[in-house]
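[1] Have a look at this prediction, sequence included:
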Amino acid sequence: MTRAEIRSQIRLRQSSIKDFMLCPKLFQYRHLDGIEAKTRSAKTLNGSVLHKLLYDLHNDDWDMDVKSAYLMAFAYYEYDSDESHIPVRFYKSREDDIRAFTATAVEIVDGYRRRSENKLSTMLFQEVQFRVRILGEMYEGTIDGLRQLPDRKIELFDFKSNAIRPNVHAVAADIQLNLYSYAARFGEFKVGDDWIKPRILTDYSSIYYLPAHKIRKRNSKLGQKGEEMGNPLIRTTKSIEDLRAFRKEVSNILKSMLRPWHYRNNSTACVFCQYTDLCQSQNPVVSNRMASKANELLAELGISN
Ligand code: SF4
């Protein structure tokens, strides 16, 4: 595939950039070869459900019953969404996983509601689509939220529910967050049927780390039993100069994406990857025995190559 062919085939969405940054091979399978994943991770569904609950909280359902709302939303993503034909890969069992996810979601949503700043802030945009042109290329995506805090500062945020809390340096360099901040200042948001230009230079560009609301189950040197795990907000600031520098960065990433060689970034990403079987069975450094183990697991799940 030539660079021109790759460019004509991909949309520059935050998700395609994120996939490329995670693993170029995964990006190739999903966005260039158009291969549909054979399984979905239960943790991915859990992340989607948490996003939905937080959206609903701010849209007239602040006092929701979290347990029943969680179960309904999970059933929607499992059985009625666009990807419901793809089987879900649970970790222990469906029942055990959903029970654990629900218990954690109750802690997270309760913690979110307890934080007065979350209730007192004005949500300006939530789950808003954006588009922005950078050095001649149009980038698109969806921003989790943009809010005005009680002290009138403007905060753009992205909810994260990963197991590992990002540190402030990772957040400062986060490509997605930089793209959102750039779009808020220089791009357009879709509101109803219209595209508007918000022209907002945010005071904070933040990751809202949801698992920080989980409750400690025992005393440790990090905190006491019954306390929340920590502060959910990891805040950074972006100046106009930072945003201008970001243009060059994103255009360099695009150049890498268009190279017709997508290497395997074997890493912890492989644990959650939906293409592990395909990838490892095509990988000359993985023995047939290891590749067939992955295929056996798929057979157990009733899925074959
Ligand atoms: S299994 Fe690992 S190396 Fe292969 S595509 Fe997935 S993330 Fe990349």
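    Arrived safely.
[2] And the strands in the stretch 201-305 of the chain?
    For the stretch 201-305 of the chain, strands defined by DSSP state E, counting those that start in this stretch occupy the ranges 204-209, 233-236.
[3] what's the most buried one of those?
    strand 204-209 (a mean of 22; mean count of other C-beta atoms under 10 Å). For every residue, glycine as well, the C-beta is placed using N, CA and C.
[4] and it, C-alpha only, in CSV?
    C-alpha atoms of strand 204-209 as CSV (Å, rounded to 0.1, in the frame of the first residue of the first chain):
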residue,chain,number,x,y,z
TYR,A,204,-7.1,23.1,32.5
SER,A,205,-6.8,20.1,30.2
SER,A,206,-7.3,17.2,32.6
ILE,A,207,-7.7,13.5,32.9
TYR,A,208,-10.5,12.6,35.3
TYR,A,209,-9.3,9.3,36.6
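[5] going forward can the numbers begin at 49, since that is how I track them
    Shifting the count to begin at 49 puts that one at strand 252-257.
[6] Pull the residues that contact it.
    With contacts defined as C-beta atoms under 8 Å, 6 or more residues apart in numbering, strand 252-257 is touched by 192, 201-208, 213-214, 219, 222, 225-226, 228-229, 280-286.
[7] quick one: low-confidence ranges for the stretch 99-248 of the chain?
    Within the stretch 99-248 of the chain, no stretch has pLDDT under 70.
[8] Strands along that one, start to end?
    136-137, 170-182, 185-196, 202-208, 236-239, 242-244.
[9] For the residue most central in space within the chain, give the beta-bridge partners.
    In the chain, the residue lying closest to the centroid (C-alpha atoms, centre = their mean) is Lys208, at 6.4 Å. Counting by DSSP bridges, Lys208 forms beta bridges with Tyr257.
[10] Could you measure from it over to Ser268?
    23 Å (C-beta to C-beta, to the nearest Å).
[11] And Ala117, by the same measure?
    31 Å.
[12] So between these two, which is more surrounded?
    Ala117 (19 against 9; other C-beta atoms under 10 Å).
[13] what's near enough to touch the nearest residue in space to the more buried one that is not next to it in sequence?
    Distances taken as C-beta to C-beta, 6 or more residues apart in numbering place Leu101 nearest to Ala117, at 5.8 Å, with adjacent residues excluded. With contact set as C-beta under 8 Å, 6+ apart, Leu101 has these partners: Met112, Val114, Ala117, Tyr118, Ala121, Ala153, Val157.
[14] and the gap between Phe207 and Asp113?
    Taking C-beta to C-beta, one finds Phe207 at 21 Å from Asp113.
[15] These two: who's more crowded?
    When Phe207 and Asp113 are compared for neighbours, Phe207 comes out ahead with 18 against 11, by other C-beta under 10 Å.
[16] For Asn226, grab the count of nearby residues.
    For Asn226, using other C-beta under 10 Å, the count is 21.
[17] And the residue lying closest to it once chain neighbours are set aside, how far from Ile288?
    Of all residues not flanking Asn226 in the chain, Phe294 sits nearest, at 4.7 Å (C-beta to C-beta, 6+ apart). To Ile288, Phe294 is 10 Å away according to C-beta to C-beta.
[18] Which of the strands of the stretch 249-353 of the chain sits closest to the ligand?
    Distance to the ligand, taken as C-beta to the nearest ligand atom, is lowest for strand 252-257 among the strands of the stretch 249-353 of the chain, at 22.1 Å.
[19] what angle do the closest one and strand 202-208 make?
    Put simply, strand 252-257 runs at 30 degrees to strand 202-208, going by axes from the mean of the first three to the mean of the last three C-alpha atoms, to 10 degrees.
[20] now the angle from strand 252-257 to strand 185-196?
    Going by the same axes, to 10 degrees, strand 252-257 makes 80 degrees with strand 185-196.
[21] And stretch 263-277, what's buried?
    Ile263, Glu276, Met277 (16 or more other C-beta atoms under 10 Å).
[22] likewise stretch 307-322?
    His310, Arg312, Asn313, Cys318, Cys321, Gln322.
[23] now check it, is it near the ligand?
    Yes - Stretch 307-322 is in contact with the ligand by C-beta under 6 Å from any ligand atom, via Arg312, Asn313, Asn314, Ala317, Cys318, Cys321.
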